[in-house]
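Chemist: Model the following, please.
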Amino acid sequence: MVHQTYTADVLIVGGGTGGTAAAIQAARRGAKTILVSEFPWLGGMLTSAGVSAPDGNELEAFQTGLWGAFLQELRQRQSGGLDNSWVSFFSYDPRIGAEIFADWVQELPNLHWISGQVPLEVFRQGDSITGVRFADFAVTAKVILDGTELGDLLALAEIPYRWGWELQSEWGEPSAPVTFNSLTQRYPVQVPTYVVIMQDFGEAVAPEIPIAPNYNPSQFTGAWDSYGAETFLNYGRLPGGLFMMNWPICGNDYGEGVGRLIESDVSRGEFIQESRWHSQNFAHFIQKQLGRRYGLAEKVFTHTPTAFALHPYYRESRRLVGLSTVREQDILPIAKGRVASIFNDAIALGVCEAIAVGNYANDHHYPGVQFPLQPKSIRWGGRWTGTPFTIPYSCLIPATTDGFLVCEKNISVSHIANGATRLQPVVMGIGQAAGMAAAICVELNCQPRDLPIRKLQTALLEDNRSKALIIPLFNLPPNHSDWRHWQLYYLDNPQAYPVSGDCPDSAFDKALIQESNCFTGIFYRLSQQEYRFTVTAPATYQGQSWQLVTLRSHIDEQLRAYPDEQLVTLWGRYNPSGNWLLVEHLNEG
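Modeler: This is a model prediction of the structure:
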C-alpha cells in the first residue's frame with residue numbers, strides 16, 4: 001500500500017556506480033532529485049559489490065568528471081596512496097569509497113536519498129514513464145532513470161530490452177558467433193562474481209573458513225599455478241592487509257544457471273546464494289592451500305558476515321533497445337590508429353554524439369572458457385591499456401518510450417561490446433551524462449530524445465565541479481589550459497579527429513603528485529613500450545629491477561625516446577605488488 005507520494009524533477013532508481021553519479025550530477029545542476037537504492041552503500045561496483053580495484057580510464061588524460069573527482073578524494077582520504085595491487089592503478093578500502101559517495105550526496109539539499117527499497121511497479125501515461133512505486137511510497141518525476149544493477153526498471157516498465165547474445169548476422173560484429181551454440185546457451189550473459197575480501201592476520205590465527213554447500217575443490221585447483229601464491233594474492237591487494245578476491249581463473253566467477261537472475265525474485269535469490277557459497281568455498285580453498293594466516297576479513301561491509309560484498313559484481317544486465325546501439329565495431333581501433341571512431345556507426349555520418357569515454361580492453365568472463373575476441377589492447381606508457389572509445393547519448397534513450405533514461409550497464413549495447421562498456425569508470429561517466437541530461441531536460445521542459453546534444457556536451461565540458469571528458473585525447477589532461485578548446489574543436493570538426501589520439505601543440509603540466517619519490521638508476525629498453533630500471537639510489541632499493549610505467553602522456557614520449565642503458569633520475573611511486581615504478585617526472589641528461 002502506498003502511504004506517501006513524493007514528487008521530484010528527476011528520479012534515479014538504483015544506487016550503483018551509474019545511478020549514484022547520475023543523482024549527484026542532476027542535483028548539482030539544480031534539479032530536485034530523489035535517489036532510491038536497494039543497499040545502504042552507494043557506488044555499486046566501486047563499493048557495495050566490493051570491486052575496489054577498478055579497471056579502465058586510468059591514463060591521466062582520462063581521469064575526468066566524477067571519476068577523476070572520486071580518485072582525487074581517494075588519494076586525500078586513504079593514507080599510503082592507491083598503488084597497492086597489480087590489477088589496477090587504484091585500489092582502496094571500499095569503506096572509504098562508500099564514505100565519499102555518502103558525503104557527496106549529503107552535501108546536496110535538493111537530493112533526497114532513500115535506501116533499502118526496490119521498485120515494484122512503474123507508472124505510465126501512454127508512451128511516457130511518469131513514476132515508480134516502492135513498498136510503501138511512490139515517486140513521480142519528469143525524468144526517471146534506471147540505475148539498477150540488472151535493468152529491473154526496463155522489465156517493470158515493459159521497455160524493450162536485450163538479454164543474451166547477438167549473432168554475427170545481426171550487426172556484423174567480428175567476434176560474434178555465427179550460430180547459437182553450447183556457450184551461448186550455458187552463459188547467455190557474462191557471469192557475475194560474488195567478491196569476498198580476505199585478510200592477512202600475520203600468523204596462523206585466522207578463524208577457520210567453513211565449507212559452504214556444493215564444495216568441490218577441483219573447481220579451484222590450479223587457480224594461481226601460473227602466477228605463484230604471492231602474486232595471486234597481490235592481484236587485488238588493498239590497504240591494511242586486505243585482499244579483494246575477484247579471480248577469474250578457477251576462481252569465484254559463478255555462472256551456473258545465470259539466466260535465473262531475471263526469471264523471478266525467488267530464482268534470483270537462489271542464484272545469489274549459490275554464488276556467495278561459491279566464493280566462500282574459494283576462500284576456504286585458499287586458506288587450506290596457503291594456511292591459516294589468511295582468513296575472512298573483519299568489519300569491512302555493513303552486514304554479517306562482513307567479508308562478503310553487499311551483492312554480486314554483475315558484469316552484464318538487461319540491455320536497452322535504444323535509439324542507437326554500441327557494437328563491437330564502435331569500440332575497436334580505426335585503421336592504422338590508436339583510437340576508435342568518435343562516430344557511432346548506427347548514427348548518421350557527420351554527427352558526434354559522444355557523452356562519455358572508455359578505454360578498457362574487451363573482457364568477457366565465462367568460467368572455464370577462453371572466448372576469442374577481436375583485440376583492442378594497445379601498448380602505452382610501458383604497459384598494456386585499451387583503445388579509447390566513446391559512448392553516444394542516443395544509446396541511453398529508449399527507442400519508443402519518453403520520460404526515461406538508462407545510466408548503468410543497461411545502455412543499448414551489444415553483448416560483445418558490453419565487455420568494454422561495463423567497466424566502472426565508463427559507467428560512472430554514463431551516469432554523470434545521464435544525470436546532466438535529465439536535469440537539462442527539466443530546465444528546457446523537453447523529452448530526453450529532444451535534448452540538443454551540443455547543450456549536453458557543453459554542460460559536461462563546462463561543469464563547475466567535475467568537468468567531464470567527451471573526446472579522448474591521450475596528450476590533453478583536464479588541467480591543460482587548452483583542454484576545453486580542443487574538446488570543442490573536435491566536436492565541431494569530428495572528421496579532423498586524429499587517428500593517433502594526440503592533439504597538436506600540447507604542453508604539459510609537469511607538477512608532481514604529492515606522494516612522488518626520487519630514484520636514480522639505469523634505464524633499459526627491452527622492446528617497444530617495455531622498459532626496466534635498475535636502482536642505484538636510494539640505498540634501500542639498490543640493485544632492484546623494476547618495470548617502468550606511466551599514466552602521463554609527456555612521460556610516455558620521454559620513455560619512448562630515452563637512450564638504452566643510460567643513467568636516469570625519476571620521480572614516481574613504487575608499487576611492490578606490480579613490481580613497477582609509476583613515473584611522474586623524468587630528468588633527462
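
Chemist: in the protein, which helix has the most residues?
Modeler: helix 265-290 (DSSP state H).

Chemist: which intervals of the stretch 101-250 of the chain have sub-threshold pLDDT?
Modeler: Regions of the stretch 101-250 of the chain meeting the criterion pLDDT under 70 are absent.

Chemist: rewinding a little: elements contacting the next helix or strand after the longest helix of the chain?
Modeler: For helix 265-290, the succeeding helix or strand toward the C-terminus, using DSSP states H and E, is strand 294-296. The elements that strand 294-296 packs onto, with contact taken as 3 or more CB pairs under 8 Å, 6 or more residues apart in numbering; DSSP states H and E, are strand 196-200, helix 265-290. Glycine gets a C-beta too; all of them are placed from N, C-alpha and C.

Chemist: most neighbours per residue, which of the ones you listed?
Modeler: strand 196-200 (a mean of 22; mean count of other CB atoms under 10 Å).

Chemist: what are the ranges of the strands in the stretch 451-589 of the chain?
Modeler: Counting by DSSP state E, counting those that start in this stretch, the stretch 451-589 of the chain has strands at residues 517-527, 530-537, 545-549, 566-575, 580-587.

Chemist: and residue 252, which of those is closest to it?
Modeler: Closest to residue 252 of the strands of the stretch 451-589 of the chain, according to CB to CB: strand 566-575, at 24.2 Å.

Chemist: With just CA atoms, put the closest one into CSV.
Modeler: Only the C-alpha atoms of strand 566-575 are listed here, as CSV (Å, rounded to 0.1, in the frame of the first residue of the first chain):
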residue,chain,number,x,y,z
GLN,A,566,71.8,5.2,-19.6
LEU,A,567,71.6,6.7,-16.1
VAL,A,568,68.3,8.4,-15.4
THR,A,569,66.7,10.2,-12.4
LEU,A,570,63.0,9.5,-12.0
TRP,A,571,60.3,10.7,-9.7
GLY,A,572,57.3,8.4,-9.0
ARG,A,573,55.7,5.8,-6.8
TYR,A,574,56.9,2.3,-6.4
ASN,A,575,54.3,-0.5,-6.4
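
Chemist: circling back to that earlier point, the longest helix of the chain to strand 196-200, inter-axis angle?
Modeler: 20 degrees (axes from the mean of the first three to the mean of the last three CA atoms, to 10 degrees).

Chemist: what kind of secondary structure is residue 341 in?
Modeler: coil (DSSP: H, G, I helix; E, B strand; the rest coil).

Chemist: backbone phi and psi for it, please?
Modeler: phi -60, psi 140 (degrees, to the nearest 10).

Chemist: Tell me how many other residues surround it.
Modeler: 19 (other CB atoms under 10 Å).

Chemist: give the contact list for the nearest residue to it once chain neighbours are set aside.
Modeler: Of all residues beyond its chain neighbours, the one nearest residue 341 is residue 334 (5.3 Å), with distances taken as CB to CB, 6 or more residues apart in numbering. Residue 334 sits next to 340-341, 499 when contact means CB atoms under 8 Å, 6 or more residues apart in numbering.

Chemist: how much space between residue 334 and residue 167?
Modeler: 24 Å (CB to CB, to the nearest Å).

Chemist: what's the spacing between the longest helix of the chain and its chain's center?
Modeler: With CA atoms, centre = their mean, to the nearest Å as the basis, helix 265-290 stands 23 Å off its chain's centre.

Chemist: Ok, stretch 251-268 next?
Modeler: 22 Å.

Chemist: Quick one: mean pLDDT for it?
Modeler: Mean pLDDT, stretch 251-268: 98.

Chemist: next one: stretch 529-548
Modeler: The model assigns stretch 529-548 a mean pLDDT of 97.

Chemist: cool, and stretch 80-99?
Modeler: Rounded mean pLDDT across stretch 80-99 is 97.

Chemist: Now do the buried residues in it.
Modeler: 81-94, 96-99 (16 or more other CB atoms under 10 Å).

Chemist: can you check stretch 4-11 too?
Modeler: Quick answer for stretch 4-11 (16+ other CB under 10 Å): 6, 8-11.

Chemist: give the contact list for the closest residue in space to residue 203 that isn't next to it in sequence.
Modeler: The spatially closest residue to residue 203, leaving aside those adjacent along the chain, is residue 293, at 6.0 Å (CB to CB, 6+ apart). By CB under 8 Å, 6+ apart, the contact set of residue 293 is 200-206.

Chemist: From the chain's centre, how far out is the helix or strand where residue 9 lies? Work that out for me.
Modeler: Taking DSSP H and E as the criterion, residue 9 maps to strand 4-13. Counting by CA atoms, centre = their mean, strand 4-13 is centred 27 Å from the centre of its parent chain.

Chemist: Thanks a lot, catch you later.
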